[in-house]
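*Asks:* mind folding the following:
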Amino acid sequence: MRELAGKTAFVTGGASGIGLALGRAFAQAGMKVMLADIETDALAVAVESLRAPGRDVRGVVCDVADHASVDRAAEASYEAFGTVHLVCNNAGVAGGGGIDDISIETWRWVIDVNVMGVLHGIRTFLPHLRAHNQGGHIVNTASMAGLNSGLGFSPYAASKFAVVTMSEGLATQLAPHGIGVTVLCPGFVRTRIPESGRNRPERYGPSTVPDPESPAGKLAAVLAERGRSGLDPDDVAARALAAIREDQLYVFTHSGAEWRAELEDRFAAILTAMDEAAAH
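*Replies:* Predicted coordinates for the structure are as follows:
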């Protein structure tokens, strides 16, 4: 999708953080934009912040964990713009992890939003993208946590691993149809994801806070601090925009030695185990 002007983008988690930055980048590129988010008030503010002469930016309330809600958001997009070309399955939440207090409700919430939310977006929009025969692109927001196990036993890391492999498989199958796929794997970014509990539906029970002295609590504090000094969401959006135009599968926002070392250690361990299997 080298030519973006005049086309339509749909972005979940669009009221703040990376989602809002993506919407801003798309609007500046001349696209019509539908922001979708579960936070009604924040969504209204986000839409208003992107509006300007010549821009068409709208919003729709959407709970990505509910496939019917995603279906309704898609219908609102078709009604508003006719055709959608770019789908960004960006909405995501962070949940506590570790082995000290394994919460089934938290795992279900994180998986429902981070994994099923991506699936719902694909399931809902893919038939439309294929049918209009104008090409298109799907962006799935994962994380560097989806490529290494630095977060330990965590629903967040497990969900992002799933998004990476879903995107890889999707890209292979959609290439013949002229539809591109990008999996966005940011490192630390200045977003409100540490405050994900503010949007946790009652059906998943109350948010839990790990003991500050537990391994999970200490890790959460470190992650929150690193997030506060992380990359600006607009920088992430700029890289995603370039990847869409160049039809790139992987987008990494950080290339520091720390990230690379963790990946190399993981891959080396995998290859060593495979070599051992081949020797028997």
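
*Asks:* any weak-confidence spans in this protein?
*Replies:* 209-229, 256 (pLDDT under 70).

*Asks:* just the strands in it please.
*Replies:* Along the chain, counting by DSSP state E, strands occupy 8-12, 32-37, 57-61, 86-89, 136-141, 179-185, 250-252.

*Asks:* and the shortest one, which strands flank it?
*Replies:* So that's strand 250-252. Strand 250-252 has the following sheet partners, assigned by DSSP bridges: strand 179-185 (parallel).

*Asks:* gap between the partner strand and the chain center?
*Replies:* Strand 179-185 has its C-alpha centroid displaced from the chain centroid by 10 Å (CA atoms, centre = their mean, to the nearest Å).

*Asks:* run through who's touching that strand.
*Replies:* 1, 18, 90, 126, 129-130, 135-144, 146-147, 163-164, 167-168, 170-171, 174, 236, 240, 243-244, 247-253 (CB atoms under 8 Å, 6 or more residues apart in numbering). Yep, even glycine has a C-beta here, placed from its N, CA and C like the rest.

*Asks:* would you reformat the strands of the chain as a markdown table and include mean neighbour count?
*Replies:* As requested, the strands of the chain are exported to a markdown table (neighbours: other CB atoms under 10 Å):
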| stretch | mean neighbour count |
| --- | --- |
| strand 8-12 | 29 |
| strand 32-37 | 28 |
| strand 57-61 | 20 |
| strand 86-89 | 28 |
| strand 136-141 | 26 |
| strand 179-185 | 24 |
| strand 250-252 | 17 |
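
*Asks:* to residue 202, which of those strands lies closest?
*Replies:* With CB to CB as the measure, strand 57-61 is the member of the strands of the chain nearest residue 202 (16.6 Å).

*Asks:* pairing partners for that closest one, with directions?
*Replies:* By DSSP bridges, strand 57-61 pairs with strand 32-37 (parallel).

*Asks:* give the contact list for the closest residue to residue 51 other than its chain neighbours.
*Replies:* Nearest residue to residue 51 in three dimensions, chain neighbours excluded: residue 57, at 5.4 Å (CB to CB, 6 or more residues apart in numbering). By CB under 8 Å, 6+ apart, the residues touching residue 57 are 23, 27, 32, 33, 34, 35, 47, 50, 51.

*Asks:* now for residue 146: which residues touch it?
*Replies:* Counted by CB under 8 Å, 6+ apart, residue 146 has contacts 157, 159, 160, 161, 162, 163, 164, 185.

*Asks:* inside helices: which ones of the residues you listed?
*Replies:* Counting by DSSP state H, the contacts of residue 146 place 157, 159, 160, 161, 162, 163, 164 in helices.

*Asks:* for those residues, which one is nearest residue 275?
*Replies:* Using CB to CB, the ones in helices among the contacts of residue 146 come closest to residue 275 at residue 161, 23.1 Å.

*Asks:* what number of residues lie near the closest one?
*Replies:* If you count neighbours by other CB atoms under 10 Å, residue 161 ends up with 18.

*Asks:* ok, it to residue 190 distance?
*Replies:* For residue 161, the distance to residue 190 equals 24 Å [CB to CB, to the nearest Å].

*Asks:* still on that earlier bit, export the strands of the chain to JSON lines and tack on distance to residue 113?
*Replies:* Output for the strands of the chain, formatted as JSON lines (distance: least, CB to CB, whole Å):
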{"stretch": "strand 8-12", "distance to residue 113": "10"}
{"stretch": "strand 32-37", "distance to residue 113": "12"}
{"stretch": "strand 57-61", "distance to residue 113": "15"}
{"stretch": "strand 86-89", "distance to residue 113": "11"}
{"stretch": "strand 136-141", "distance to residue 113": "11"}
{"stretch": "strand 179-185", "distance to residue 113": "16"}
{"stretch": "strand 250-252", "distance to residue 113": "21"}
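
*Asks:* can you map out the helices along the protein?
*Replies:* 17-28, 40-50, 67-81, 104-111, 117-132, 155-174, 215-228, 233-246, 257-278.

*Asks:* deepest of these, which one?
*Replies:* helix 17-28 (a mean of 25; mean count of other CB atoms under 10 Å).

*Asks:* to residue 152, which of the strands of the chain lies closest?
*Replies:* Closest among the strands of the chain, using CB to CB: strand 179-185, at 18.3 Å.

*Asks:* please name the bridge partners of the residue nearest to residue 51.
*Replies:* The partner residues for residue 57, given DSSP bridges, come to residue 33.

*Asks:* chain neighbours aside, what residue packs nearest to residue 146?
*Replies:* Leaving out its chain neighbours, the residue that sits closest to residue 146 by CB to CB, 6+ apart is residue 160, at 3.1 Å.
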